[in-house]
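Trainee: the sequence and its predicted three-dimensional model are supplied below.
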Amino acid sequence: MKRKKILLQNVPVTGYAAEGKALAKVEGKVIFIEGAVPGDVVDVLLTRNKKDWAEGRVQQIHSFSPERVVPFCIHFGICGGCKWQMLPYEKQLEYKEQEVRDVVKRIGKLPDVTVLPILGAEKDIYYRNKLEFTFSNKKYLSKKDLETLGKDEWPGGALGYHVPKLYDKIIDITECWLMDEVNNIIRNSLREFAEKNKYSYYNIKEHKGFLRNVIIRYCTTGELMVNLVFGNEDRKEIEKISNFLLEKVPAITTLVYTINQKWNDSLHDLEPITFFGKGFVTEKLGEFNFKISPKSFFQTNTKQAEVLYNVVKDFASLKGNETVYDLYCGTGSIGIFLSKKAKEIIGVDVIEEAIMDAKENADLNHISSASFYTGDVIEICNDKFFSSHGTADVVIVDPPRAGLHPKLIGKLLEIASGKIVYVSCNVATQARDLQLLSEQYVVEKIQPVDMFPHTHHIESVALLSLKK
Ligand SMILES: C[S@@+](CC[C@H](N)C(=O)[O-])C[C@H]1O[C@@H](n2cnc3c(N)ncnc32)[C@H](O)[C@@H]1O
């Protein structure tokens, strides 16, 4: 049976809720609304309807909140990238800081913890060092496009981003503010060249087509890497398109390409081929250099990563004689950033390639006091591991969004290091874990950092010290 659609009309939006949603109350029921801003009056189409709360999407805005500003990107509203452009950056920061304060109280049940003012980004556009675009034979068409398109007219393919929640539809992006203008030149000239040469765009349903993805890495060092991903190995055409791009964008320092004939877009099990340059780029964080290969993970906002790591450094306040465990270390960047101040750094991550990069980065920076291990933290971090590598003075944890595994929390309580510095990309799971750790630790302070302007994502660093 088809469920009846519920449309709530003329709803005054009163507040901000977590994860970029706004909040309203209708007949005592809390409604979480996507696409609204406190102060708006909107019609909301419910997408979930529970007894005490509901979720919905804005259908129409009757009156605009005075908080709103005009979004700067022409793709706003369809693209899932910078959904908060309708709010001034200062307001976004205010809401993010408020969210941290709320969850620490509500989920962490730690009302007295000091939440420091959020550290906003100096640059709220052009802040990403990595962008990934997809070619698709299926272009996303808005209602207006559909109305103007002739009945039998083919809308053409697209090169851009996925429409949120629609895996086979791509928005044809003509401008993107997330990376320096060079990203627009690369993407738009590739599209022009592809159309002129009648190259096929990838068809994700039938799994055929020549052009698949373009991944751009642009570092603060000025090094620029492009990875072109093709659906088949037509060397002559690959050479032609690569040479075209190198001529068009002389700033490219290395160009690699990858042949992907798999059903999915992941590249971790494929070997990129270097067409031009050294096949990797080098990024700088503080005084340290990091080699970024086409498949390496690296923080996508270099400037704010530096801000974040400086907070970690400040919270760890190392004297030089400490053994520091960097759990969920990725490519070892936090440990390396702290290495000059510690006696020893021991990093652990479950991804083997990340650990290989971490070791290479330690060598690149002539750091001999850091060692890195591949494995699941809950398996590797046992008594033997801690006794063979030395008593933990400081433990840094930087888990994925799910937060810390309860077994790891148990282990952290058992080894009782003097300090824990908890870096998180999900303030809700962080607050939950802080509550559990507060059994034995005092949560001294929390520093929110904004790594992703115009999105609702928040990074936050908590300092915990062992109860006396
Ligand atoms: C948020 S990233 C941290 C990256 C790194 N600290 C940095 O600043 O670049 C989370 C990391 O946790 C790792 N990871 C996820 N689950 C894990 C587990 N169970 N054991 C070890 N590492 C894990 C991922 O591979 C990823 O590198």
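Mentor: Perfect, thanks for sending it. Keep in mind the model is a prediction, meaning the values are calculated, not measured. Numbers count the residues shown, from 1 in each chain.
Trainee: show me the beta-bridge partners of the residue nearest to residue 36 when sequence neighbours are not counted.
Mentor: Spatial nearest neighbour of residue 36, chain neighbours left out: residue 22 (4.0 Å); criterion: CB to CB, 6 or more residues apart in numbering. The C-beta positions use only the backbone N, C-alpha and C, and glycine is treated the same way. Residue 22 forms beta bridges with residue 16, residue 33, as assigned by DSSP bridges.
Trainee: my read: residue 129 touches residue 217, true?
Mentor: Yes - counting by CB atoms under 8 Å, residue 129 sits close enough to residue 217 to count as a contact (6.0 Å).
Trainee: picking up where we left off before, tell me the contacts of the residue nearest to residue 36?
Mentor: By CB atoms under 8 Å, 6 or more residues apart in numbering, the residues touching residue 22 are 13, 15, 16, 32, 33, 36, 37, 38, 40.
Trainee: the first one and residue 164: what is the separation?
Mentor: Taking CB to CB, to the nearest Å as the measure, residue 13 and residue 164 are separated by 21 Å.
Trainee: between those two, point out the one with more neighbours.
Mentor: Comparing residue 13 with residue 164 by other CB atoms under 10 Å, the one with more neighbours is residue 13, at 23 against 12.
Trainee: per-residue pLDDT, that one?
Mentor: With respect to pLDDT, residue 13 scores 97.
Trainee: contacts only, for it.
Mentor: Counting by CB under 8 Å, 6+ apart, the residues that residue 13 touches are 22, 23, 24, 33, 36, 37, 38, 39, 40, 41, 42, 65.
Trainee: need the residues that contact stretch 160-176.
Mentor: 73-75, 78-81, 131, 133-136, 138-140, 156-159, 183-184, 187-188, 191, 204-205.
Trainee: what comes into contact with the longest strand seen in the chain?
Mentor: The single longest strand within the chain, with elements called by DSSP state E, is strand 53-63. By CB under 8 Å, 6+ apart, the residues outside strand 53-63 that reach it are 7-8, 10, 21, 29-36, 40-49.
Trainee: tell me the contacts of residue 178?
Mentor: Counting by CB under 8 Å, 6+ apart, residue 178 has contacts 81, 82, 125, 126, 127, 128, 131.
Trainee: can you list the residues you listed in a markdown table and add neighbour count, secondary structure and distance to the ligand?
Mentor: Shown next, in a markdown table, are the contacts of residue 178 (neighbours: other CB atoms under 10 Å; DSSP: H, G, I helix; E, B strand; the rest coil; distance: CB to the nearest ligand atom, whole Å):
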| residue | neighbour count | secondary structure | distance to the ligand |
| --- | --- | --- | --- |
| 81 | 22 | coil | 20 |
| 82 | 21 | coil | 21 |
| 125 | 18 | coil | 23 |
| 126 | 14 | coil | 21 |
| 127 | 22 | coil | 16 |
| 128 | 21 | coil | 15 |
| 131 | 20 | strand | 18 |
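Trainee: ok, of the residues you listed, which one's closest to residue 441?
Mentor: residue 127 (33.1 Å; CB to CB).
Trainee: that closest one contacts residue 120, doesn't it?
Mentor: No - using CB under 8 Å, residue 127 is not in contact with residue 120, being 11.2 Å away.
Trainee: overlap in contacts of those two?
Mentor: Common contacts of residue 127 and residue 120, defined by CB under 8 Å, 6+ apart, comprise residue 453.
Trainee: kindly export the host helix or strand of residue 145 (C-alpha atoms) in PDB.
Mentor: Using DSSP states H and E, residue 145 falls within helix 143-148. Output in PDB follows, covering the C-alpha atoms of helix 143-148 (Å, rounded to 0.1, in the frame of the first residue of the first chain):
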ATOM      1  CA  LYS A 143      12.200  20.100 -13.400                       C
ATOM      2  CA  LYS A 144      12.900  23.200 -15.500                       C
ATOM      3  CA  ASP A 145      15.300  21.200 -17.800                       C
ATOM      4  CA  LEU A 146      12.700  18.600 -18.300                       C
ATOM      5  CA  GLU A 147      10.100  21.200 -19.300                       C
ATOM      6  CA  THR A 148      12.300  22.800 -21.900                       C
END
